[in-house]
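**Student:** Compute the structure for the input listed below.
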Amino acid sequence: MNRSLKDRWPYYELTDKKRLTILKRLAAGGFFKNNRQMIVEGSWSRPSIHRFYQVVRSMADLEKLSLLNWKLRLAQDVTELFRSCPKLTELHLKLDDWLKMDEEIKDELRLGFQRIRLFEVHWDISAWPVIQELFT
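**Tutor:** Numbers count the residues shown, from 1 in each chain. Purely as a prediction, here's the structure:
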């Protein structure tokens, strides 16, 4: 069964805080328990991304995640996704931060990417060496 949740309010009327309140209530009610796919459009603030992951953690069966127009940090945000979603096999995202990272984080990212069957990323060409390193 496919379920879809789209907010129909104009963007300026629905703040990140309101969106998160709605998502948390749905998660607390068990509505995301068996959710396998989630697509999130829009640009959320940095503090909201961390709170959004609290909702994602309730989706133990999540397999496909598309975070469109989000600027995520590879070392922090993507590693958290891999930790929170052990069944994740498809990931679509936009990455923003390509800072150097220690070997422990790289190893964790490599393990997460090994289970990804489809990975779509929008990134800056200067990040190519980091991507190559993670996939070799």
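
**Student:** which residues sit in contact with Leu118?
**Tutor:** Taking C-beta atoms under 8 Å, 6 or more residues apart in numbering, we find Leu118 in contact with 89-92. All C-beta atoms are positioned from the backbone trio N, CA, C, and that covers glycine.

**Student:** buried stuff in the helix or strand harbouring Leu72?
**Tutor:** Assigned by DSSP states H and E, Leu72 belongs to strand 64-73. Under the neighbour-count criterion of 16 or more other C-beta atoms under 10 Å, strand 64-73 has 64-65, 67, 70-73 buried.

**Student:** Just send those back as TSV, with pLDDT and distance to Arg46 too.
**Tutor:** Shown next, in TSV, are the buried residues of strand 64-73 (pLDDT from 0 to 100; distance: C-beta to C-beta, whole Å):
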residue	pLDDT	distance to Arg46
Lys64	94	24
Leu65	91	18
Leu67	84	13
Trp70	75	10
Lys71	74	9
Leu72	78	10
Arg73	79	9
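
**Student:** Return the closest of the residues you listed with respect to Leu81.
**Tutor:** For the buried residues of strand 64-73, the residue nearest Leu81 by C-beta to C-beta is Leu65; the value is 6.9 Å.

**Student:** Please report the distance of that closest one from Lys18.
**Tutor:** 22 Å (C-beta to C-beta, to the nearest Å).

**Student:** Quick one: low-confidence residue ranges for the protein.
**Tutor:** 1-14, 42-43, 97-99, 124-128 (pLDDT under 70).

**Student:** As a check, name the ranges of all helices in the protein.
**Tutor:** With helices called from DSSP state H, the chain shows them at 16-28, 46-56, 79-84, 103-114, 128-134.

**Student:** export those to a markdown table and tack on distance to Asp96 and mean neighbour count?
**Tutor:** Output for the helices of the chain, formatted as a markdown table (distance: least, C-beta to C-beta, whole Å; neighbours: other C-beta atoms under 10 Å):
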| stretch | distance to Asp96 | mean neighbour count |
| --- | --- | --- |
| helix 16-28 | 17 | 15 |
| helix 46-56 | 10 | 16 |
| helix 79-84 | 14 | 17 |
| helix 103-114 | 15 | 14 |
| helix 128-134 | 13 | 13 |
